[in-house]
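Asks: Build the 3D model from these lines:
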Amino acid sequence: MTQTFWLIASVLILLALAFVVAPLIFHRSGRRAALDVRNQNLLAYRSRLEELDRELDSGALDQESYQQLRDELAGSLMDDVPDAEKGILDSPAKVKGGRSALAIVLACLITIPAAAVYFYDQWGAMDEMEQFIAMQEMVATEGGRMGKMEDLAQQLREKLEQKPGNAEGWGLLGRTYMNLQQYSEAAWAFEKLAATIEDNPQRKATAWGLAAQALFFEHDGDMFAGAGKAIEKARAINPDEVNSLGLLGIASFRQQNFEDALKYWERIVQVAPDHPQIGSIRQGIEQAYQRLGQEPPAPQASEQSLAGGSPGVTVRVEIDPAFEADIADATPLFVFARPAGATGGTPLAVARLTAGQLPAVIRLDDRNAMSPQAKISDADSVRVQARLSRSGNALPQAGDWQGAVAEPIQVRAGETDPVILTIDTQLTQ
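Replies: Residues are numbered from 1 along each chain as shown. From the prediction side, this is the model:
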């Protein structure tokens with residue numbers, strides 16, 4: 001990118017020099033041609049004047065005729081060499097002007113490229129442009145080859161280390177490292193993001209929450225191996241930072257401290273009712289109440305119309321015992337419902353939990369909709385699939401574990417008996 005830029009810049013500098021130098025060169029050539037014509041006219045004038053003098057001396061011309069012919073000759077010379085031009089050409093500045101033009105040409109050849117490089121180095125934005133290009137390429141490659149993503153991440157990292165003021169760049173780098181399962185690097189990028197943000201406390205708290213999330217995955221859910229400190233920093237700025245609340249809820253659930261898990265998750269429902277994973281958070285709340293042997297509280301009036309009679313499907317998600325020892329409790333779980341005839345595309349409903357919450361009974365209905373235009377209540381039947389993602393990314397990757405219900409499930413309103421879904425396959429590519 002840098003070589004291409006300087007090549008283009010060099011061409012533009014040469015064009016700029018051409019506009020400055022060409023007039024000086026061609027103007028000088030024109031003056032030289034005009035000087036040659038003038039000298040010829042002057043030689044002819046002097047030759048004819050000498051001839052008139054000889055004719056006067058020999059008596060071939062009288063004084064009156066001589067004076068008349070001399071005046072005519074002078075008038076002819078004035079027509080061929082105008083006063084303005086004659087004055088310029090006869091001036092001693094003539095030679096000095098030629099030297100000045102040469103000096104200007106040489107000065108331009110030296111100062112214009114040097115000034116262009118100097119001022120661009122002072123005020124240019126090459127680093128920001130390279131950051132932007134690396135970010136665009138990274139976004140375009142999302143979901144592509146991991147090797148390509150790693151190369152782009154390294155390029156963006158180098159640019160950000162040179163000029164670290166790009167908050168958007170640090171955020172993208174952190175998310176990319178999460179997709180690459182490089183959690184310690186992701187935490188580092190999110191911490192850099194937090195350090196970059198000074199004028200928005202809410203965003204700064206979110207950055208620390210994302211760093212805590214990356215450290216949580218890095219240490220397989222160990223809250224005391226780094227995630228806890230990041231959570232403290234996030235909540236010191238914003239006690240209701242949702243990523244931190246979510247992690248605290250997961251950690252409490254794993255420790256079978258279901259009361260605290262409910263406290264954290266229910267707080268998310270209160271402060272972020274439009275959270276993208278609100279359906280999954282409610283599923284976790286229901287699971288916590290079930291573990292306590294209690295009935296979940298009745299939904300508020302705003303939720304009753306959605307949850308009470310909303311059509312959906314109910315599944316019980318389990319892990320094949322052969323994989324249980326290999327899967328960390330903090331591993332994110334995604335449960336998808338797609339139209340029965342679809343092989344891909346946007347799911348009608350998605351729930352998110354963690355492996356530590358399994359086995360779990362999950363209800364997929366319009367509370368888990370991805371879009372108001374695509375709801376599970378509009379489908380007659382759906383196919384349900386569950387995936388445990390090592391990277392935390394909903395896109396399937398090698399090493400993830402997944403399972404699916406073999407046959408489509410009928411979408412129905414009200415409570416239904418759960419269909420068993422066993423996670424029994426590990427992806428190899």
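Asks: going forward, measure contacts and count neighbours with C-alpha atoms only.
Replies: Will do.
Asks: residue ranges with poor pLDDT in the stretch 301-429 of the chain?
Replies: The stretch 301-429 of the chain contains residues with pLDDT under 70 at 301-309, 343-345, 370-372, 415, 429.
Asks: cool, the stretch 1-150 of the chain as well?
Replies: Ranges of the stretch 1-150 of the chain meeting pLDDT under 70: 1-6, 9, 17, 19-39, 41, 73, 76-106, 108-109, 112-113, 116-147.
Asks: now swap in the stretch 151-300 of the chain and tell me
Replies: Residues of the stretch 151-300 of the chain that meet the cut-off, pLDDT under 70, sit at 274, 276, 298-300.
Asks: mind listing the helices for it?
Replies: Taking DSSP state H, counting those that start in this stretch as the test, the helices found in the stretch 151-300 of the chain are 167-179, 183-196, 201-218, 228-237, 242-254, 258-271, 278-291.
Asks: list the buried ones in stretch 166-186?
Replies: Across stretch 166-186, burial judged by 16 or more other C-alpha atoms under 10 Å covers 166-167, 169-186.
Asks: typo on my end, it should be stretch 313-331
Replies: 313-319, 327-331.
Asks: again, but for stretch 48-67
Replies: So stretch 48-67, judged by 16+ other C-alpha under 10 Å, has buried residues 49, 52, 56, 61, 66.
Asks: And that stretch, end to end?
Replies: Chord length of stretch 48-67, first to last residue, is 13 Å (C-alpha to C-alpha, to the nearest Å).
Asks: next one: stretch 222-235
Replies: 18 Å.
Asks: do the same with stretch 404-421
Replies: Note: stretch 404-421 ends 6 Å apart using C-alpha to C-alpha.
Asks: wait, isn't residue 192 in contact with residue 170?
Replies: Yes - under the criterion of C-alpha atoms under 8 Å, residue 192 makes contact with residue 170 at 6.7 Å.
Asks: these two touch, right, residue 266 and residue 284?
Replies: No - in this structure residue 266 lies outside contact range of residue 284 using C-alpha under 8 Å: 9.7 Å.
Asks: Between those two, which contacts overlap?
Replies: Shared contacts of residue 266 and residue 284, defined by C-alpha atoms under 8 Å, 6 or more residues apart in numbering, are absent.
Asks: ok so, going back, looking at the helices of the stretch 151-300 of the chain, which is buried most?
Replies: Among the helices of the stretch 151-300 of the chain, ranked by average contacts under mean count of other C-alpha atoms under 10 Å, first place goes to helix 201-218 (a mean of 26).
Asks: what packs against that one?
Replies: helix 183-196, helix 228-237, helix 242-254 (3 or more C-alpha pairs under 8 Å, 6 or more residues apart in numbering; DSSP states H and E).
Asks: I'd like those as a markdown table, with distance to residue 424 appended.
Replies: Output for those, formatted as a markdown table (distance: least, C-alpha to C-alpha, whole Å):
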| stretch | distance to residue 424 |
| --- | --- |
| helix 183-196 | 26 |
| helix 228-237 | 33 |
| helix 242-254 | 22 |
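Asks: in a strand, that's where residue 336 is, yeah?
Replies: Yes - assessed by DSSP: H, G, I helix; E, B strand; the rest coil, residue 336 belongs to a strand.
Asks: quick revisit: just the ones of the buried residues of stretch 313-331 in helices?
Replies: Of the buried residues of stretch 313-331, none are assigned to helices by DSSP state H.
Asks: Show me which pair in these is furthest apart.
Replies: Largest separation among the buried residues of stretch 313-331 by C-alpha to C-alpha: 313 and 328, giving 27.1 Å.
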